[in-house]
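Undergrad: Structure of the sequence below:
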Amino acid sequence: MTPEESPADNKENSEPETEANEQEADPAAADTEAVPDSESVPEPEDAEGEPDAPDMEALEAEVADLNDKLLRALAETENIRRRAERDKGDASKYAIANFAREMLSVGDNLRRALGTVEADVRKENAVIEQLMVGLEMTDREIQNTIERFGIKDIEAMGEKFDHNLHEAMFEIDDPTKPAGTVVQVVETGYVLKDRLLRPAKVGVSKGGPAPAKDAPAEAAATDAAPPDDPSEQKEGQVAYEDKGGEPGAQLDEEL
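TA: Reported below is the predicted structural model:
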């Protein structure tokens, strides 16, 4: 210390240094003073000065879309359930279709074998008669078995040709039968419940008269039709009028 410096000057110089040292020793206090209070920060507002509100139209559209998807999913599930039930029923009803179709061929061959033996030969030979009786019993048993499972033969002889049940193999000129009538059955057809199992192979007539059910309708139409010319109808009525005063008067005058 120089004699020129006084103790008061030393005291003034030491006070700023003390304050700087206190600030360096407590930096947290300085940060606390610099950061403002969160409660005092104002909330952001939109241009109109109100908080953001949810878009109700967008929400309603989304709800409607989800509702539509839900209804479609429920409808599709119901369709799948019904289709599964129908397939299950068809499987139980028509599961034997392929097997039954093959067995029909066996029955056809058996009936062909029965038709090859004449009645006179059966009477002359007892062994053949017994054999044919056994074959006939087998044929009847086959027919009874297939009927128990819902298989029935198609009665085609004399019926009108139906493309849903019959298969035309040839045509026969038969003027005594209406055109399109089954006149010969080559192979018997069968149905399994309400489904065609095998069509009947038939021969169909051609060139015959029109079906009988159409003839009365044409006759009635002809009788009911009035004459084309009204004068013809008038002349016909005049011809039947009584021109004389007494019966036979006009005839006497002409004579």
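Undergrad: all helices of the stretch 51-200 of the chain, in order?
TA: Per DSSP state H, counting those that start in this stretch, the stretch 51-200 of the chain carries helices over the ranges 56-94, 97-115, 119-124, 126-148.
Undergrad: Gly180 is nearest to which of those?
TA: Gly180 lies closest, by CB to CB, to one member of the helices of the stretch 51-200 of the chain: helix 97-115, at 25.9 Å. Placement of C-beta: from N, CA and C, glycine included.
Undergrad: which secondary structure elements does that closest one contact?
TA: In this structure, helix 97-115 makes packing contacts with helix 126-148, strand 190-192, strand 195-198, judged by 3 or more CB pairs under 8 Å, 6 or more residues apart in numbering; DSSP states H and E.
Undergrad: of all the ones you listed, which lies closest to Glu118?
TA: Proximity to Glu118 (CB to CB) singles out helix 126-148 among the helices and strands packed on helix 97-115, at 10.0 Å.
Undergrad: Alpha carbons of that closest one, as PDB, please.
TA: What follows is helix 126-148, C-alpha atoms only, in PDB (Å, rounded to 0.1, in the frame of the first residue of the first chain):
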ATOM      1  CA  ALA A 126     -84.900-125.800 -66.100                       C
ATOM      2  CA  VAL A 127     -81.400-124.600 -65.400                       C
ATOM      3  CA  ILE A 128     -81.700-121.600 -67.600                       C
ATOM      4  CA  GLU A 129     -85.100-120.900 -66.000                       C
ATOM      5  CA  GLN A 130     -83.600-120.900 -62.500                       C
ATOM      6  CA  LEU A 131     -80.800-118.700 -63.700                       C
ATOM      7  CA  MET A 132     -83.200-116.100 -65.200                       C
ATOM      8  CA  VAL A 133     -85.300-116.100 -62.100                       C
ATOM      9  CA  GLY A 134     -82.300-115.200 -60.000                       C
ATOM     10  CA  LEU A 135     -81.300-112.500 -62.400                       C
ATOM     11  CA  GLU A 136     -84.800-111.000 -62.300                       C
ATOM     12  CA  MET A 137     -84.700-111.000 -58.500                       C
ATOM     13  CA  THR A 138     -81.400-109.200 -58.600                       C
ATOM     14  CA  ASP A 139     -82.800-106.600 -61.000                       C
ATOM     15  CA  ARG A 140     -85.800-106.000 -58.800                       C
ATOM     16  CA  GLU A 141     -83.500-105.600 -55.800                       C
ATOM     17  CA  ILE A 142     -81.400-103.000 -57.600                       C
ATOM     18  CA  GLN A 143     -84.500-101.100 -58.600                       C
ATOM     19  CA  ASN A 144     -85.800-101.100 -55.000                       C
ATOM     20  CA  THR A 145     -82.500-100.000 -53.600                       C
ATOM     21  CA  ILE A 146     -82.100 -97.000 -56.000                       C
ATOM     22  CA  GLU A 147     -85.700 -95.900 -55.300                       C
ATOM     23  CA  ARG A 148     -85.000 -95.900 -51.500                       C
END
